[in-house]
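> No letters, just coordinates:
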């Protein structure tokens, strides 16, 4: 090789070392990686190959020769008596990786071809943060990170908040017993944490490992208590006065007996074929696991053979990590489109250059909302990091800096819903943009129908998820009024429907037409209008037309209605589509009793301060209608009779409440007497 070529190779190796140190610092020290693990592994493998081909380039401080890490400012350094070393990674995700490791072990042990297979302990490779727990006389004295393998950080204050880690080892009086394992965050807790971060407008975490590392290395232990972590034990550090079991599998059993959590998918296998089968078996179960793994680990089980095999370049010859397809990859963001969800939320969706990640090809990924997109600094044309883990929807977790060419404008949310054309709104202080055409928008149709039919709304018995799917997907329902045009013949022709069930549903639809204003308002699915607010609106205004035409200022006069709720109601009824649906529902026969309400200046409140209990069946009023009338007149309706009850309204087949009223000398009214009281 001439001098120019040698100089070029040397410069390339120096650049690889610089990149690896930079990304390791981002990963281990700042807990803010810029590239996926798979990209780091590629750079690492490239440097290894270059150093193998040109031994003169090998340096003691090369990232390939040492564990990279540093002590964070504010945390005390901890020297590891027994270094916390990394193990070799087998990046070939096929069965060849397992067979190759077995062949290397047999060769190093100089075993004959017909010798019995080597026994291995196989376990999961957790994607978390390695921790050393030091116990003295059975009491937990210190928890430390791996750091650079020689020196870690004292994180006893945060690790001590992890419930799974025992504080005392009963029956252990050894001067020193160091147990090593992985701190990690479960996927469900990670998703919940990021959702809270988004709602608060705070920075989200790239992945569970990044979240766990950041929490463990916090200076404030209270943060760790609010963000629960988990732990699995898998090895030992310094040991004094405790008998170490003769095999790794026996060690894991012993740690479990001491009270440490040890992952249950571990197994003892024999030979390369069984290693490959274990790798395949865990791959099939990977998505169902409640935590992230990025591979499995094989260890020669017998400690005597481990000692015989020894180490190479600070890596044990008797262990290897066999990886799976990466759950994070880089790709190009080609475009951003808007998806309208069942509740009207507008979500920016990344249209990606297809990339194989997490075991499948991904071409779409969520960007959550506009503010999350802006925080990540993502723009069309960027090289981005995509993550897919388990059943979690693929998401863009960030961009790769330095790849953008020239100026690219920020993405902006549309002003009109791309599905129905209704106005897009964002409440003050909220992150999400929403379509305001809830009763008209096709994207929200199924959700609108299910909510309308729910028990506390219009109470249409028999109208469940699967039937609504058939009705909407079959084009039988476009808007809510279409429900009241369904007949027995149409319904009976649907899958899993017969004449009787169809007739029952038609009857339930007919019954639902007799409603109350409060139930109807709640059934419309207006954002922020729950049952209580719907009752307050009905009591205050008395008539639907007054609510539809009310200004924000008038809505603010209603009990417990604040600016956000008032604006949401006003925006809903300002949409012509929504008003049209309401008019069509009334034309279909949906009705309720109305009254002057409290919104009318000087409106009488004859029942103010009076408490009523309803029992039995009234001749012409449903119990809900009677309740609405009482509340509109200022009265309160209770569910039980007591000394504080002023009236019990009794209908046919009144039960124990009527008996209780007589026992307490509470005045009993029939429907006619109640109407007279209301008109007084």
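Cool, got the structure. Keep in mind that this is a model prediction, so the values were computed, not measured.
> got the buried residues for whatever helix or strand residue 472 lives in?
Assigned by DSSP states H and E, residue 472 falls within helix 465-473. Buried residues in helix 465-473, counted by 16 or more other CB atoms under 10 Å: 467-468, 470-472. For the C-beta atoms, the positions are set from N, CA and C on the backbone; glycine is no exception.
> okay, these in JSON lines with pLDDT and distance to residue 565 next?
Listed next are these as JSON lines, based on pLDDT from 0 to 100; distance: CB to CB, whole Å:
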{"residue": "467", "pLDDT": "93", "distance to residue 565": "32"}
{"residue": "468", "pLDDT": "92", "distance to residue 565": "27"}
{"residue": "470", "pLDDT": "92", "distance to residue 565": "35"}
{"residue": "471", "pLDDT": "93", "distance to residue 565": "31"}
{"residue": "472", "pLDDT": "90", "distance to residue 565": "29"}
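> Can you tell me the strand partners of the helix or strand residue 183 falls within and which way each runs?
Element membership for residue 183 (DSSP H and E) is strand 176-184. Using DSSP bridges, strand 176-184 pairs in its sheet with strand 129-136 (antiparallel), strand 230-240 (antiparallel).
> Identify all contacting residues around it.
81-82, 84, 126-136, 138, 159, 162, 169, 208-209, 212, 216, 229-242, 255, 260, 291-292 (CB atoms under 8 Å, 6 or more residues apart in numbering).
> picking that back up, what's the distance between the helix holding residue 472 and the middle of its chain?
In terms of CA atoms, centre = their mean, to the nearest Å, the centre of helix 465-473 is set 27 Å apart from its chain centre.
> Report the separation between residue 483 and residue 510.
In this view, residue 483 and residue 510 are 11 Å apart by CB to CB, to the nearest Å.
> So between those two, which is more surrounded?
residue 483 (23 against 12; other CB atoms under 10 Å).
> Can you tell me how far the more buried one is from residue 622?
Applying CB to CB, the value for residue 483 to residue 622 is 20 Å.
> show me the contacts for the nearest residue to residue 527 once chain neighbours are set aside.
The shortest distance from residue 527 to any non-neighbouring residue, by CB to CB, 6 or more residues apart in numbering, is to residue 568 (4.7 Å). The neighbours of residue 568, taking CB under 8 Å, 6+ apart as the test, are 427, 526-529.
> Would you mind checking those for buried ones?
Applying 16+ other CB under 10 Å to those, the neighbour count classes 427, 526-527, 529 as buried.
> what helix or strand does the residue most central in space within the chain sit in?
By CA atoms, centre = their mean, the mean C-alpha position of the chain lies nearest to residue 191, the distance being 3.0 Å. Per DSSP H and E, residue 191 falls inside helix 187-199.
> List of residues touching that helix?
The contact list for helix 187-199, computed with CB under 8 Å, 6+ apart, reads 185, 203-205, 207-208, 211, 227-228, 290-292, 368-369, 371-372, 389-390, 392, 431.
> Can you select the buried ones among those residues for me in PyMOL?
Only the buried entries of the contacts of helix 187-199 go into this PyMOL selection, using 16+ other CB under 10 Å:
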select buried, resi 185+204+205+207+208+211+227+228+291+292+368+369+372+389+392
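> Quick one: list the elements packing against the top helix by length along the chain.
Criterion DSSP state H: the longest helix present in the chain is helix 3-24. Contacts defined by 3 or more CB pairs under 8 Å, 6 or more residues apart in numbering; DSSP states H and E place helix 3-24 against helix 37-53.
> Downstream of the helix it packs on, the next helix or strand is which one?
Following helix 37-53 in sequence order, the next helix or strand is strand 77-79 (DSSP H and E).
> what comes into contact with that following strand?
Identification of contacts with strand 77-79 by CB under 8 Å, 6+ apart yields 71, 132, 142, 144, 147, 150-154.
> can we see that at 6 Å?
Around strand 77-79, the neighbours that count as contacts under CB atoms under 6 Å, 6 or more residues apart in numbering are 71, 144, 151-152, 154.
> Next: stretch 538-549.
Here stretch 538-549 makes contact (CB under 6 Å, 6+ apart) with 517-518, 537, 558, 573, 594-599, 631-632.
> again, 7 Å this time
516-518, 521, 537, 550, 558-559, 573, 579, 594-599, 628, 631-632 (CB atoms under 7 Å, 6 or more residues apart in numbering).
> Of those, just the buried ones, ChimeraX syntax please.
Only the buried entries of those go into this ChimeraX selection, using 16+ other CB under 10 Å:
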select :516,517,518,521,537,550,558,573,579,594,595,597,598,599,628,631,632
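> returning to that earlier point: report the distance from the longest helix of the chain to the chain centre.
Centroid separation between helix 3-24 and its chain, computed with CA atoms, centre = their mean, is 41 Å.
> ok, residues contacting it?
Residues contacting helix 3-24 (CB under 7 Å, 6+ apart): 33-35, 40, 43-44, 46-47, 50, 54, 57, 62-63, 68.
> Give me the lowest-pLDDT entry from these.
Lowest pLDDT within these is found at residue 68 (52).
> so who does the nearest residue to residue 306 once chain neighbours are set aside touch?
Distance criterion CB to CB, 6+ apart; nearest residue to residue 306, sequence neighbours excluded, is residue 318 at 4.4 Å. The neighbours of residue 318, taking CB under 7 Å, 6+ apart as the test, are 105, 299-300, 305-306, 309.
> May I ask which of those residues has the most neighbours?
Neighbour tally across those (other CB under 10 Å): the maximum, 27 neighbours, falls on residue 300.
> For the closest residue to that residue other than its chain neighbours, report the pLDDT, please.
Excluding its sequence neighbours, the residue lying closest to residue 300 (CB to CB, 6+ apart) is residue 318, at 4.0 Å. For residue 318, the model assigns a pLDDT of 96.
> Please apply the same query to residue 391.
So residue 391 comes in at 57 (pLDDT).
> quick one on the thing from earlier: neighbour-wise, which of the contacts of strand 77-79 leads?
In terms of neighbours by other CB under 10 Å, the contacts of strand 77-79 top out with residue 144 at 27 neighbours.
> what separates the helix or strand hosting it from the chain centre, distance-wise?
Residue 144 is part of strand 139-145, with elements assigned from DSSP H and E. A distance of 31 Å separates the C-alpha centroid of strand 139-145 from that of its chain, computed with CA atoms, centre = their mean.
> what angle do it and strand 129-136 make?
150 degrees (axes from the mean of the first three to the mean of the last three CA atoms, to 10 degrees).
> Now strand 139-145: buried residues?
Buried residues in strand 139-145, counted by 16+ other CB under 10 Å: 140, 142-145.
> other SSEs contacting it?
Packing partners of strand 139-145 (3 or more CB pairs under 7 Å, 6 or more residues apart in numbering; DSSP states H and E): strand 129-136, strand 151-153, helix 156-159.
> right, and out of the buried residues of helix 465-473, which lies closest to residue 497?
residue 467 (7.5 Å; CB to CB).
> Can you give me the distance of the closest one to residue 450?
Distance from residue 467 to residue 450, by CB to CB: 10 Å.
> With residue 380 instead?
Taking CB to CB, one finds residue 380 at 36 Å from residue 450.
> and what of residue 667?
Residue 667 is 42 Å from residue 450, by CB to CB.
> And these two? Which one has more around it.
The neighbour comparison of residue 667 against residue 450 (other CB under 10 Å) goes to residue 450, with 20 against 10.
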